[in-house]
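1. Would you be able to build a 3D model of this:
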Amino acid sequence: MFSSCSNQDAVTPTQLEGQWINVNTPTDTLFFKSMENMEVMTLHRAMEIKNGVEQPESGSGTYQYRLTEGSIAIKSLFSSSMIFDDYYFNVEEMQFSIGAFYGSDNGKLLHFEKID
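-> As a prediction, this is how the structure comes out:
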């Protein structure tokens, strides 16, 4: 069982491992796992056609993350930047809310539900 990030029992990366689906946009999925001494999440989004080429929608890719109380710090593994950006993050049971860290039409908060 998960606890809220705002409670004393902080969520651990192990509790996040697995696949999560955006409840408003089911083509957006996040996969959390540990990899070589870092925590990573991979965002898969729908494919789109840009300039005649099929490619994933903006924001797709792999991110390194760090959990803090009430927030998650994220940076793209494909960026040369070493800077993590902080976003709101709250886990309750088998769902979580996260600040919109990628181009979504669902507003300032994105809501995901665990599917495995």
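
2. For residue 59, which non-adjacent residue is closest in space?
-> Once flanking residues are discounted, residue 59 sits nearest to residue 102: 2.7 Å by C-beta to C-beta, 6 or more residues apart in numbering. To be clear about C-beta, it is placed using only N, CA and C from the backbone, and glycine gets the same treatment.

3. again, but for residue 30
-> Residue 30 sits nearest to residue 20 (C-beta to C-beta, 6+ apart), 4.6 Å away.

4. Who is the one you found paired with across the strands?
-> For residue 20, the beta-bridge partners are residue 30, residue 114 (DSSP bridges).

5. Show the model's pLDDT score for it.
-> Residue 20 is assigned a pLDDT of 98 by the prediction.

6. right, and it touches residue 96 too?
-> Yes - counting by C-beta atoms under 8 Å, residue 20 does reach residue 96; the two are 7.2 Å apart.

7. between those two, what contacts are shared?
-> residue 112 (C-beta atoms under 8 Å, 6 or more residues apart in numbering).

8. Residue 115: what's it in contact with?
-> Contacts of residue 115 (C-beta under 8 Å, 6+ apart): 18, 19, 20, 21, 29.

9. Which PyMOL command selects the buried ones in these?
-> The PyMOL selection below is limited to those of the contacts of residue 115 classed as buried (16 or more other C-beta atoms under 10 Å):
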select buried, resi 19+20+21+29
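
10. Return the member of the contacts of residue 115 nearest to residue 61.
-> residue 29 (12.8 Å; C-beta to C-beta).

11. Tell me who's in contact with the closest one.
-> Here residue 29 is in contact with 19, 20, 21, 22, 43, 44, 115 (criterion: C-beta under 8 Å, 6+ apart).
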